[in-house]
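Here's a sequence, model it:
(chains A and B)
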Amino acid sequence: MAKDKKVTEITDMDVDFAQWYTDICRKAELVEYASVKGFTILRPYGYAIWENIQSIMDKEFKKTGHQNVAMPVLIPESLLKKEGELVNGFAPEVAWVTEGGSEKLEERLAFRPTSETMFCDHWHNVLQTYRQLPMLYNQWCSVIRWEKTTRPFLRSREFWWQEGHTIHETAEEAEAETQQQLNCYADFCKNALAMPVVKGRKTDKEKFAGAEATYTIEAMMKDHKALQSATSHYFGDKFSRAYDVTYTGRDNKLQYPFQTSWGSTTRLIGAVIMTHGDNNGLVLPPAIAPIQVVVLPIAQHKEGVLDKAAEVVARLEKSGIRVKGDFSEQSAGWKFAEWEMKGVPLRLELGPRDIEAGQCVVARRDNGEKVTVALDELENKIPELLSAVHDGLYEKALDNLNKHTYAAATVEEVKDVFETKGGGFVKTMWCGEEECEVRMKELAGVSSRCMPFKQEHLADTCPVCGKAAKTMVVWGIAY
RNA sequence: CGGGGUGUGGCGAAGUUUGGUAUCGCGCUUGGUUCGGGACCAAGAGGCCUCGGGUUCGAAUCCCGACACUCCGACCA
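Reported below is the predicted structural model:
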C-alpha cells in the first residue's frame, strides 16, 4: 500500500469502499450497533459532531426568525391518513404502537416518520388570523422509518434530524422560504462541512410524497456516488386543505395558508465521512470537529514536557479552540495514528527540543503537511491553520465533484461514464416525461438526482426518446 | 423483500470437511524497560463458541429453525 498509509485498522477505500466506510464509523467510535436491527447508538464522539452541526445550523435558523418546538412522537392513524399522498408514500415504512401497558389500543398510533401531520393538526387548533402568520417552526428530534436495508448514518430505522415546518399567507412567501432554507443548507455544507453541493429541483418521480415541489442539495462522495444531503419542500395549500388549517385573511374571508417543510439529518455525518475521509480514517472539517487540535507531548517523561503541554492546551482553550491534550501512556506513534483515525484537523507536537527552541510542530490532517510554529504565535497561527484545513478540504472535494461531472448526449454516453470512467454525475437534456426517466434507469442504471438551478443547454433533444428537450437533469447512482 | 457471505473472550481470526478437555494475535490488568510515526519483556484476568430446538455416551463441529451483521439489487433522508 501507499507510503502514507499509517492506520492499519481501516480497510483501504480502493479495496472495499463500503467496508472502509463501516470501519471508520466503528473504529473512530462514532456509532455502535444497538440490539434492534437498524438502530444505532451515537457514541460520545459521534454525538459531539452532531451537536456541533446542530448548534451551527440552529443559529442560522434563528437568524431568519425560526423558533424551536417539540411535537409528540406518536401520531394517531386517523390523523396520519388525512392526506392521501403522504400516507401512501410512507405507509411501507411506518412502525406502529398497538398496545399501551396491557391494554390493546382503540386506534393504532404511528411512530412519526415525519411530522407534517402533527404540525397541521396543531395549526388547525391555534391558527386564527393572518396576524399570526408566518409561523416559522423547527424541531430537533428523531424519527422512525422501517427501512429494509440499513447502514450507519446513511440509512437507519431511527435517525436524528431537524424538520422545519412553516405556514405563510402567500404562495410567493412560502416559495421564498423553501428557497431560503435550501440555500441555508447549501451554505452550511460549504462553510461548516467543506462540502460542495449541486442545488436543484427533484423530478416529480423523486419528489417528497405530497409535495408540490421538492428542492435538494446533492453531494458527490469519494466513490462518485450521489448523496442527497438535505431537502426543502413546497406544499402549496394542499395540506392546509387536507387538515383544515384556516385563518381569517385581510379580506375577512377564511383562507388556507401556504406551507413548507425542510429537513437535514445525521446522514450529514455520513456525507462528511465519504467526502473527506481517507485510508487513515476520518477527516473532520474544523467547524464540526469535536476536537480541533490534539496536543501530543513527545518524550513526556522528560522534565517539564507535560507542564508545557498543559500550558499550551490551556492557552488554546482560552482562545476558544476545541483542544485536547493526550497525556496517556501510549507511545507517540500510537497517538499519531489514533487521532489521525479520529479525524482531528490539527496535531500539535511538543517535545523537549521544541520547548528549548520555543516552538512546536503542527501537522495538518487534510494533507499531512507539518509546519513549525513559534509558541508565542499559537493564538494567531492555530485559527489560520484551521481555516487552511477547511479550505484545503473544500478545494479537494470541489475538485472531485468537477472531475467526475460529465455531459452526455446519448444513453450510451451516460452508460459509458459508469462502465468505464468510474461513475459520477452526468448531465443530459430531458423531455420531462417520467417514462424516459424510468427508461434511463433501466438502460443506464442511474436515477435522476435533480434538475439543477444552473441550467445549461447541452442539446435540443432528449437522449432517451429524441423529442424536444425541456430541462437539463443530473443523473447518478444514489445512496 | 430477492440473491450471496459471516456469526467463536472487548476486537480480528483458526478450529467445523472427518464430533472427544476451546486456540492464536491485538486489546485489558500488574510490574519493569522504552518514548520525534501504532515499542519490548515478564506475570495475570477474561469465553453458556449468536439464540432456540434436535441427533449422540459426548456438539463450536452434524440436522432443523430463528435472529443479527455485511455485500449486491429493488425502496428510501
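
Looking at the stretch 351-479 of chain A, which residue is nearest RNA strand B?
At 2.4 Å from RNA strand B, residue A:351 is the closest residue in the stretch 351-479 of chain A, using C-beta to the nearest atom of the strand. All C-beta atoms are positioned from the backbone trio N, CA, C, and that covers glycine.

who's in contact with that residue?
A:297-299, A:305 (C-beta atoms under 8 Å, 6 or more residues apart in numbering).

repeat that with 10 Å
Residues counted as contacts of residue A:351 (C-beta atoms under 10 Å, 6 or more residues apart in numbering) are A:296-300, A:302, A:305, A:308-309, A:332, A:357, A:360-361.

which residues touch the worst-scoring helix or strand of chain A on mean pLDDT?
Lowest on mean pLDDT, DSSP states H and E among the helices and strands of chain A sits helix A:84-90, with a mean of 84. The contact list for helix A:84-90, computed with C-beta under 10 Å, 6+ apart, reads A:77, A:80-81, A:83, A:94, A:110, A:112-114, A:116-117, A:145-146, A:207-211, A:235, A:238-239, A:242.

out of those, which touch RNA strand B?
Counting by C-beta under 7 Å from any atom of the strand, A:145, A:208 from these sit close to RNA strand B.

Tell me the buried residues within the contacts of helix A:84-90.
Neighbour counting by 16 or more other C-beta atoms under 10 Å classes A:80-81, A:83, A:94, A:110, A:112-114, A:116-117, A:145-146, A:207-211, A:235, A:238-239, A:242 among the contacts of helix A:84-90 as buried.

Does residue A:26 lie in a helix or a strand, and which?
Taking DSSP states H and E as the definition, residue A:26 sits inside helix A:17-27.

roughly how far out does that helix sit from the chain middle?
Averaging C-alpha positions (C-alpha atoms, centre = their mean, to the nearest Å) puts helix A:17-27 17 Å from its chain's average.

One more: stretch A:200-220?
16 Å.

Quick one: end-to-end length of it, please.
Distance between the two ends of stretch A:200-220: 14 Å, counting by C-alpha to C-alpha, to the nearest Å.

buried set for that stretch?
For stretch A:200-220, using 16+ other C-beta under 10 Å, the buried residues are A:200-203, A:206-220.

so what's the spatially closest residue to residue A:416 that is not a sequence neighbour scoring on pLDDT?
Among residues not flanking residue A:416 along the chain, residue A:408 sits closest, at 7.8 Å (C-beta to C-beta, 6 or more residues apart in numbering). Looking at residue A:408, its pLDDT is 96.

quick one, helices of the stretch 51-200 of chain A?
Taking DSSP state H, counting those that start in this stretch, the helices of the stretch 51-200 of chain A run over residues A:77-80, A:84-90, A:116-126, A:171-191.

cool, the stretch 301-450 of chain A as well?
Along the stretch 301-450 of chain A, counting by DSSP H, counting those that start in this stretch, helices occupy A:305-318, A:332-341, A:352-357, A:378-403, A:411-420, A:434-444.

Please render those as a markdown table that adds distance to residue A:464 and mean neighbour count to the earlier fields.
Shown next, in a markdown table, are the helices of the stretch 301-450 of chain A (distance: least, C-beta to C-beta, whole Å; neighbours: other C-beta atoms under 10 Å):
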| stretch | distance to residue A:464 | mean neighbour count |
| --- | --- | --- |
| helix A:305-318 | 57 | 17 |
| helix A:332-341 | 45 | 18 |
| helix A:352-357 | 63 | 15 |
| helix A:378-403 | 25 | 17 |
| helix A:411-420 | 6 | 16 |
| helix A:434-444 | 4 | 16 |
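
mind putting the ones you listed in JSON lines, distance to residue A:43 included?
Formatted as JSON lines, the helices of the stretch 301-450 of chain A follow (distance: least, C-beta to C-beta, whole Å):
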{"stretch": "helix A:305-318", "distance to residue A:43": "23"}
{"stretch": "helix A:332-341", "distance to residue A:43": "14"}
{"stretch": "helix A:352-357", "distance to residue A:43": "33"}
{"stretch": "helix A:378-403", "distance to residue A:43": "23"}
{"stretch": "helix A:411-420", "distance to residue A:43": "35"}
{"stretch": "helix A:434-444", "distance to residue A:43": "37"}
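
Show the low-confidence segments of chain A, by residue range.
Scanning chain A with the threshold set as pLDDT under 70 gives A:1-7.

try 80 this time
Residue ranges of chain A with pLDDT under 80: A:1-9, A:35, A:102.

just to revisit the earlier point, a markdown table please, covering the helices of the stretch 51-200 of chain A and showing distance to residue A:458.
Shown next, in a markdown table, are the helices of the stretch 51-200 of chain A (distance: least, C-beta to C-beta, whole Å):
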| stretch | distance to residue A:458 |
| --- | --- |
| helix A:77-80 | 42 |
| helix A:84-90 | 32 |
| helix A:116-126 | 36 |
| helix A:171-191 | 23 |
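
quick one: which of those is nearest residue A:444?
helix A:84-90 (25.5 Å; C-beta to C-beta).

which parts of the stretch 151-300 of chain A sit against RNA strand B?
A:151-157, A:159, A:208, A:228-229, A:231, A:263, A:265-267, A:280, A:298-300.

of the residues you listed, buried ones?
Using 16+ other C-beta under 10 Å, the buried members of those are A:151-157, A:159, A:208, A:228-229, A:231, A:263, A:265-267, A:280, A:298, A:300.

Just the residues of the stretch 151-300 of chain A next to RNA strand B: which are in strands?
A:159, A:228-229, A:231, A:263, A:265 (DSSP state E).
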